[in-house]
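Colleague: Let's see this in three dimensions:
(one chain, ligands or ions: 2)
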Amino acid sequence: MNLKIAALAGDGIGPEVILQAKKALYAIGLVFDHEFVFEDAFVGAIAIDKTGNPLPEQTLNLCLNTDAVLFGAIGDPKYDNNPDAKVRPEQGLLKLRKSLGLFANIRPIKPYASLLNSSPLKKEIIQGADFIIFRELTGGVYFGEKKLNETGTIASDLCEYSEEEITRISHLAFKSAQNRRKKVTMVDKANVLETSRLWRRVVKKVSEDYPDVSLDFLFVDNAAMQIILNPRQFDVILTENLFGDILSDEASVITGSIGLLASASLGNTNALFEPIHGSYPQATGKNIANPIASILSAAMLLEHFGLHKEATKVYEAVEKAIEYNVVTVDLNKDSKFGTNEVGDFISNVILSKDDLYFK
Ligand code: IPM
Ligand code: MN
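Modeller: Ligands and ions are numbered 1, 2, ... in the order given. As a prediction, this is how the structure comes out:
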């Protein structure tokens, strides 16, 4: 297979982790005889520095004309600490999601057996947890009208959803549940929000097409508690944009590190793959960032194109790195391995050169 992939490394640790994902894909290409061609482009704070625009036209055009986008991370503290900034790096990612129509963000959560002790949560609680968050990605409060009054004392962000926006992601969530444990949990705040009540009505209607899948509802405050009290109860969590953003960071605690969590953002015609972690400015350039989330995002890319054997190979290589403790400091505080070493190890396992390490 030939794939043209836009590589948007972005800010902070983005370039360091993207490099490792490229190495893994390159190795897969060699082993399975595929050609992956990467084209790099700027996005985020670095794009603002270079062009004044967090999503330059050239970057957007590239993404619209490639098979997939591999995304690093976005954000810079100089904007976080400046509420008056008119242009922000995050706008680049949001505009990209909207322009590519990436309405479904899929975030799998599953702890690795050998990392059960890395989570601050008790082993008995997280063992066997295995769920996927389906987060709506192009609607809700993220994209509603934003207002600030003239005196700068009153602000508002509109939260809006249409039946169509809810329907299309709901179908994806139910289809995914059909291939899993056949349970969808819709998370909302239907006791307060009108949008949540619409979500409930629409999701119930969609569920009629999937009689083999059970559907239940949780309020988001309770869901936040349940995710760490009893994560095994979940199979597919379906939720709107902001709730999904918050709950997926929380859920990452189950796996031991946010540096392990990958995501796929899908639309009808485009697809983007990115770690769920941010740009981690404190770690930039230190070769300490965990590349696994980025490498697993590349594996999700492979799966998206039906390259299941190839994806499995990446998952196995990552598992081996974890099993042999070839991990970064977030997972082992005494680790002597950095971003590059973990990435090298994983690509070498893919190339079946792991005997370099184990003989
Ligand atoms: C994420 C990030 C983004 C979001 C930011 C960078 C805009 O936190 O992908 O989860 O809030 O969606
Ligand atoms: Mn987030």
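Colleague: Tell me where this protein has helices.
Modeller: Assigned by DSSP state H, the helices in the chain fall at 14-32, 45-51, 57-64, 77-80, 89-99, 123-126, 163-178, 194-207, 220-229, 241-255, 292-304, 308-323, 339-350, 355-358.
Colleague: ranking these by burial, who's on top?
Modeller: Highest mean neighbour count of the helices of the chain: helix 292-304, a mean of 25 (counted as mean count of other CB atoms under 10 Å). Just so you know, the C-beta spots here come from the backbone N, C-alpha and C atoms, and that holds for glycine as well.
Colleague: Check which helices and strands that one is in contact with.
Modeller: Packing partners of helix 292-304 (3 or more CB pairs under 8 Å, 6 or more residues apart in numbering; DSSP states H and E): helix 14-32, strand 68-73, strand 262-266, strand 271-275, helix 308-323, helix 339-350.
Colleague: Export the helices of the chain to JSON lines and append columns for mean pLDDT.
Modeller: Output for these, formatted as JSON lines (pLDDT from 0 to 100):
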{"stretch": "helix 14-32", "mean pLDDT": "98"}
{"stretch": "helix 45-51", "mean pLDDT": "97"}
{"stretch": "helix 57-64", "mean pLDDT": "98"}
{"stretch": "helix 77-80", "mean pLDDT": "92"}
{"stretch": "helix 89-99", "mean pLDDT": "97"}
{"stretch": "helix 123-126", "mean pLDDT": "96"}
{"stretch": "helix 163-178", "mean pLDDT": "98"}
{"stretch": "helix 194-207", "mean pLDDT": "98"}
{"stretch": "helix 220-229", "mean pLDDT": "98"}
{"stretch": "helix 241-255", "mean pLDDT": "96"}
{"stretch": "helix 292-304", "mean pLDDT": "98"}
{"stretch": "helix 308-323", "mean pLDDT": "97"}
{"stretch": "helix 339-350", "mean pLDDT": "98"}
{"stretch": "helix 355-358", "mean pLDDT": "65"}
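Colleague: Those residues of the stretch 1-150 of the chain touching ligand 1, which are they?
Modeller: Ile74, Gly75, Glu90, Leu93 (CB under 6 Å from any ligand atom).
Colleague: So out of everything in the stretch 251-359 of the chain, what residue is nearest ligand 1?
Modeller: As assessed by CB to the nearest ligand atom, ligand 1 sits closest to Ile276 within the stretch 251-359 of the chain, at 5.5 Å.
Colleague: same thing with the stretch 101-250 of the chain?
Modeller: Asp245 (4.5 Å).
Colleague: what's near enough to touch that residue?
Modeller: Arg135 (CB atoms under 8 Å, 6 or more residues apart in numbering).
Colleague: Also Pro231?
Modeller: Contact analysis of Pro231 by CB under 8 Å, 6+ apart lists Ile109, Ile125, Ile126, Ala129, Phe131, Ala251, Ile254.
Colleague: re the thing from before, columns distance to Ser119 on top of the helices and strands packed on helix 292-304, output as JSON lines?
Modeller: Output for the helices and strands packed on helix 292-304, formatted as JSON lines (distance: least, CB to CB, whole Å):
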{"stretch": "helix 14-32", "distance to Ser119": "21"}
{"stretch": "strand 68-73", "distance to Ser119": "22"}
{"stretch": "strand 262-266", "distance to Ser119": "17"}
{"stretch": "strand 271-275", "distance to Ser119": "18"}
{"stretch": "helix 308-323", "distance to Ser119": "13"}
{"stretch": "helix 339-350", "distance to Ser119": "19"}
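Colleague: Only alpha carbons, please: show stretch 83-92 as PDB.
Modeller: Provided in PDB are the C-alpha atoms of stretch 83-92 (Å, rounded to 0.1, in the frame of the first residue of the first chain):
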ATOM      1  CA  PRO A  83      -5.600  35.500  28.300                       C
ATOM      2  CA  ASP A  84      -5.500  38.500  25.900                       C
ATOM      3  CA  ALA A  85      -3.700  36.700  23.000                       C
ATOM      4  CA  LYS A  86      -5.900  37.000  19.900                       C
ATOM      5  CA  VAL A  87      -4.200  34.100  18.100                       C
ATOM      6  CA  ARG A  88      -3.600  30.900  19.900                       C
ATOM      7  CA  PRO A  89      -1.900  27.600  18.900                       C
ATOM      8  CA  GLU A  90      -5.000  25.500  19.900                       C
ATOM      9  CA  GLN A  91      -7.000  27.400  17.200                       C
ATOM     10  CA  GLY A  92      -4.800  25.600  14.600                       C
END
